[in-house]
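>>> Coordinates only, no sequence provided:
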């Protein structure tokens, strides 16, 4: 009893924030994972993994305890980390493709144009004929990229599985998508052009063709997909399974957007004259496939 008499008024209950909100550790963990996803986005796989963890933890907290600044911040950072990871892998692969193209063709260019190897010139009529033969062979090879060859379609399907997993953490099969159907969609509506001066033939039986190719790509799909995921509400997913289901749900929309905004690539194809027929080099053709469809 206080000195003035009577009873002391009851003390107000301690607020959850003062005593430590239930599950607050999960909100803090989401924030930490989100920040780490941004920091490690350059590693790609780690950045994507941390980003997914941040989103899942934040969503679980919001679903159980309501909105919270740390959880919201963790989700936002997680999504940003995933987006940065995707942009990083695109940048790495584009740089790698450029370096590979320089390495592969610097030797042949030096031999033909640098004087390192003497080339016996052909008659002008022979040169024109062989250049047109190289151009025709290049058109045939690029036509296979447009879905005109079952073997190429199977190779694209196989590569698409790994490429999609590298970008999203899931294979197409994980998401219930048939890789063969996806590759057929990817190769659909491909167009290409070979400039008037972009085919070359040399007397040593080596040919080269450059082409501009417009096609759907996994880069376009994943970029559109993460734009959709970025717009999700905080309580849209609460577990990794729900996240995977959401990725599968949004994939068709991402494909539609990627189909409307095709990617442009500038590719090089090497040829050798085999028994009088200009034959595309398998390695250069596969590199061109990777570059056009984003299959690294």
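Great, that's in hand. The model shown is predicted, which means the values in this text are computed figures rather than measured ones.

>>> isn't there a strand covering residue 140?
No - Residue 140 is assigned helix when assessed by DSSP: H, G, I helix; E, B strand; the rest coil, not a strand.

>>> That one and residue 291, how far apart?
18 Å (C-beta to C-beta, to the nearest Å). In this view, the C-beta of every residue, glycine as well, is placed from N, C-alpha and C.

>>> Then residue 168?
Taken as C-beta to C-beta, the span from residue 168 to residue 291 is 20 Å.

>>> At which residues are the strands of the stretch 51-200 of the chain located?
191-193, 199-201 (DSSP state E, counting those that start in this stretch).

>>> Of all these, which one is nearest residue 286?
Smallest distance to residue 286 across the strands of the stretch 51-200 of the chain (C-beta to C-beta): 16.5 Å, for strand 191-193.

>>> Let me see the contact set for the closest residue to residue 146 other than its chain neighbours.
Leaving aside its chain neighbours, residue 146 sits nearest to residue 190 (4.2 Å; criterion: C-beta to C-beta, 6 or more residues apart in numbering). Contacts for residue 190 (C-beta atoms under 8 Å, 6 or more residues apart in numbering) come out as 142, 145, 146, 147, 213, 214, 215, 216, 292.

>>> how does it look with 10 Å?
Each residue near residue 190 by C-beta atoms under 10 Å, 6 or more residues apart in numbering is listed here: 142-143, 145-148, 213-216, 262, 292-293.

>>> So, low pLDDT: which residues of the chain?
Residue ranges of the chain with pLDDT under 70: 1-24, 96-125, 233-238.

>>> from memory residue 67 sits against residue 61, does it?
Yes - judged on C-beta atoms under 10 Å, residue 67 makes contact with residue 61 at a distance of 9.3 Å.

>>> that older thread, spatially, which two of the contacts of residue 190 are the most separated?
Using C-beta to C-beta, the two most remote members of the contacts of residue 190 are 148 and 262, lying 18.0 Å apart.

>>> how many neighbours does the residue nearest to residue 167 when sequence neighbours are not counted have?
Leaving aside its sequence neighbours, residue 167 sits nearest to residue 222 (C-beta to C-beta, 6+ apart; 4.3 Å). If you count neighbours by other C-beta atoms under 10 Å, residue 222 ends up with 25.

>>> Keep only those of the contacts of residue 190 that are in helices.
142, 143, 292, 293 (DSSP state H).

>>> part of a strand, is residue 266?
Yes - assigned with three-state DSSP, residue 266 falls within a strand.

>>> Roughly how far does it sit from residue 278?
Relative to residue 278, and taking C-beta to C-beta, residue 266 is found at 21 Å.

>>> try residue 43
43 Å.

>>> between these two, who's got more neighbours?
residue 278 (23 against 14).

>>> Which strand or helix spans that one?
Under the criterion of DSSP states H and E, residue 278 resides in strand 277-280.

>>> hang on, residue 162 packs against residue 170?
No - Residue 162 is beyond contact range of residue 170, at 11.5 Å (criterion: C-beta under 10 Å).

>>> For those two, indicate the residue with more neighbours.
Using other C-beta under 10 Å as the criterion, residue 162 and residue 170 rank with residue 170 on top: 16 against 13.

>>> Could you pull up the residues touching that one?
164, 177, 243, 244, 247, 248, 251.

>>> go again using 7 Å as the cut-off
By C-beta atoms under 7 Å, 6 or more residues apart in numbering, the contact set of residue 170 is 244, 247.

>>> Compare residue 140 and residue 291 (neighbour count), which wins?
residue 291 (25 against 13).

>>> Could you report the distance from the more buried one to residue 95?
For residue 291, the distance to residue 95 - C-beta to C-beta - is 12 Å.

>>> Now the spatially most central residue of the chain: which helix or strand?
Nearest to the mean C-alpha position of the chain, by C-alpha atoms, centre = their mean, lies residue 219 at 3.6 Å. Assigned by DSSP H and E, residue 219 belongs to helix 218-230.

>>> Show me what that helix is in contact with.
With C-beta under 7 Å, 6+ apart as the test, helix 218-230 has contacts from 79, 82-83, 86, 90, 160, 163-164, 167-168, 247, 250-251, 253-255, 257-258, 261, 263, 293-295.

>>> Flag every buried residue along that helix.
Buried residues in helix 218-230, defined by neighbour count with 16 or more other C-beta atoms under 10 Å: 218, 219, 220, 221, 222, 223, 224, 225, 226, 228, 229.
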